[in-house]
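Student: Return a 3D structure for these sequence lines:
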Amino acid sequence: MVAKSIIANDRQARDTASAIEQISAALSSVQALKSIVEGLPKEVIASVRRSLLTEREELAALLAAYNEAKLGRPEQLRERIGNDPGGLLVVARVARGWSQKELARRLFIPEQQVQRYEAERYRSISLGNLIRVARTLGVKLTADLPAQSHEQWLPSYEMTQAEAQKVLKHARAEGWLDKADQSDESGLSQLKRTVAEHVADHGTPSLLRTGLNVEDHSGDWLLLSWKAQVTRRAQAQIQRTKPKYKALDVSWVMELARLSAHDDGPKLAEKLLADHGIVLIIERQIAGMSVDGAAFLVDETPVIGMTLRHDRIDNFWFTLMHELGHVILHYRTGLSAGFFDSTEDFAVDEFERQADEFASNILIPEELWVRSPARIAKSPEPLERLAAQLGIAPAIVFGRVRMERKNYTIFANKLGAGKVRKSFDARQLENTQ
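Tutor: Numbering: from 1, shown residues only. All right, here's what the predicted structure looks like:
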């Protein structure tokens, strides 16, 4: 079980209580809510309101668990951390009524050191120091040697030789591996170690939502390897920039949609997302994957990963908005498990339907779309006029017409093919020079 977030100190408790008050004020006042959803299509506002209700409910549960633990009843807080030993040490400290400063005093170390340990759930602490902290807190750490030889972090089946070579080839081409030793044995060892560490910290991407049936892909080596690399890059960016996502901040999404009209829109989108606490990672898919985009949490930070396997303007913006829909609508109701999406399957479950509707309405509001002559137009001019009216890239309108008519032969030259990856590759080249 992967740990959920917890409140670890009084400062976080105060921040959480303040957030609950702000959400309650927004939900109880039409004017306050209007300031949050200003400019959003009416079809989206109801979904945002539901997401705020869920956010408030989850924050209240977080706060209640912390307050109960401080009173010596840590059961709720203990349940939230699952099998995470680092989280258990945090719960033990709270249940004892000790502050981080008090624990630091008893360990004869600076308070800032305890703060760092707890912020990362003791992941980088040495075994000796981990035992020392546990003993100080009165926590009994145990180890077990199971009879089965299968490593617990591994997927349910071993990677075949073909899979191993496919992942290794991709990892080399994309610069995932250390350059010191490029042998097959060393390369595969690096990959397995990376995946092992990733699964230990973040679990497996068990849900691949590509249709009505949500499939179990916890044993998919390609997906595991790709997600581990996206997460590793996201963690590096999070460490540098310290992003802060705010559930009460959503009106900027319309500004994001209008960036599509710019030639460098994808790069501008990456920056705007970062400004609002969301990390966007572009990482090529491994051959054989069928993922366009993914949305998941790295600690508390929303991460959107995109493969650009369909390198087109229309696909980029719909996929980006779909994953952003997961972030905004499902931050507390599924993002911790993650969403891994394909745009090629049109039968979807409820979460996917909500994300699809969010993306569609942000880009082209339904109220405007149903009255637009662009829906039935056979020539490009009405579609281009609608795009100009909305301030978005024409490729988005052409893509929607193709999708609705299920005719992928029309307007094929209007989708901005080959323009998205080029802009990101050019930026990466600039950063390395």
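
Student: ok, which stretches of the stretch 201-350 of the chain are helices?
Tutor: With helices called from DSSP state H, counting those that start in this stretch, the stretch 201-350 of the chain shows them at 221-241, 253-258, 265-275, 313-330, 350-363.

Student: Just name the most buried of those.
Tutor: helix 313-330 (a mean of 26; mean count of other CB atoms under 10 Å). Every C-beta, even on glycine, is put in place using the N, C-alpha and C of the backbone.

Student: Pick out the residue nearest the middle of the chain.
Tutor: Among the residues of the chain, the one closest to the centroid is residue 296, at 2.5 Å (CA atoms, centre = their mean).

Student: residues contacting that residue?
Tutor: Residue 296 makes contact with 202, 205, 227, 231, 302, 303, 305, 335, 336, 337, 338, 339 under the criterion CB atoms under 8 Å, 6 or more residues apart in numbering.

Student: if we go to 10 Å?
Tutor: Residue 296 sits next to 202-203, 205, 227, 230-231, 234, 302-305, 323, 326-327, 334-340 when contact means CB atoms under 10 Å, 6 or more residues apart in numbering.

Student: got a pLDDT number for it?
Tutor: You'll see residue 296 listed with a pLDDT of 91.

Student: gap between the two ends of stretch 111-128?
Tutor: 19 Å (CA to CA, to the nearest Å).

Student: rewinding a little: could the helices of the stretch 201-350 of the chain be laid out in CSV, adding distance to residue 197?
Tutor: Shown next, in CSV, are those (distance: least, CB to CB, whole Å):
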stretch, distance to residue 197
helix 221-241, 8
helix 253-258, 33
helix 265-275, 25
helix 313-330, 24
helix 350-363, 28
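
Student: and of the ones you listed, who's closest to residue 103?
Tutor: Taking CB to CB, helix 221-241 is the member of those nearest to residue 103, at 24.1 Å.

Student: Spell out which residues make up each domain of the chain.
Tutor: 10-137, 203-432 (automatic domain parsing).

Student: Need the contact partners of stretch 129-148.
Tutor: Counting by CB under 10 Å, 6+ apart, 85-86, 88-93, 95-96, 98, 103, 106-107, 109, 113-114, 117-118, 122, 125-127, 152 sit against stretch 129-148.

Student: Any chance of a PyMOL selection covering the buried ones in those residues?
Tutor: The following PyMOL line selects those of the contacts of stretch 129-148 that are buried, judged by 16 or more other CB atoms under 10 Å:
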select buried, resi 85+86+88+89+90+91+92+93+95+96+98+103+107+114+117+118+122+125
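
Student: rewinding a little: looking at the helices of the stretch 201-350 of the chain, spot the one closest to residue 24.
Tutor: Closest of those to residue 24 is helix 313-330, at 18.8 Å (criterion: CB to CB).

Student: Residue 351 against residue 326, yeah?
Tutor: Yes - counting by CB atoms under 10 Å, residue 351 touches residue 326, with 7.3 Å between them.

Student: any shared contact partners between those two?
Tutor: 209, 333, 334, 335, 339, 341.

Student: pretty sure the fourth one is touching residue 299, no?
Tutor: No - here residue 335 lies out of contact with residue 299, judged by CB under 10 Å, at a distance of 11.7 Å.

Student: Between those two, tell me which one has more neighbours.
Tutor: residue 335 (19 against 14; other CB atoms under 10 Å).

Student: Could I get the average pLDDT for stretch 54-73?
Tutor: For stretch 54-73, the mean pLDDT works out to 94.

Student: Buried residues, that stretch. List them.
Tutor: Buried, per 16+ other CB under 10 Å, within stretch 54-73: 54-56, 58-59, 62-63, 65-70.

Student: Columns distance to residue 139 on top of those, output as CSV?
Tutor: Output for the buried residues of stretch 54-73, formatted as CSV (distance: CB to CB, whole Å):
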residue, distance to residue 139
54, 33
55, 32
56, 33
58, 27
59, 27
62, 22
63, 24
65, 18
66, 18
67, 21
68, 18
69, 14
70, 17
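
Student: how about JSON lines for those, with distance to residue 280 and secondary structure added?
Tutor: Shown next, in JSON lines, are these (distance: CB to CB, whole Å; DSSP: H, G, I helix; E, B strand; the rest coil):
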{"residue": "54", "distance to residue 280": "24", "secondary structure": "helix"}
{"residue": "55", "distance to residue 280": "22", "secondary structure": "helix"}
{"residue": "56", "distance to residue 280": "27", "secondary structure": "helix"}
{"residue": "58", "distance to residue 280": "24", "secondary structure": "helix"}
{"residue": "59", "distance to residue 280": "25", "secondary structure": "helix"}
{"residue": "62", "distance to residue 280": "27", "secondary structure": "helix"}
{"residue": "63", "distance to residue 280": "31", "secondary structure": "helix"}
{"residue": "65", "distance to residue 280": "32", "secondary structure": "helix"}
{"residue": "66", "distance to residue 280": "32", "secondary structure": "helix"}
{"residue": "67", "distance to residue 280": "36", "secondary structure": "helix"}
{"residue": "68", "distance to residue 280": "37", "secondary structure": "helix"}
{"residue": "69", "distance to residue 280": "36", "secondary structure": "helix"}
{"residue": "70", "distance to residue 280": "38", "secondary structure": "helix"}
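
Student: Cool, thanks, signing off.
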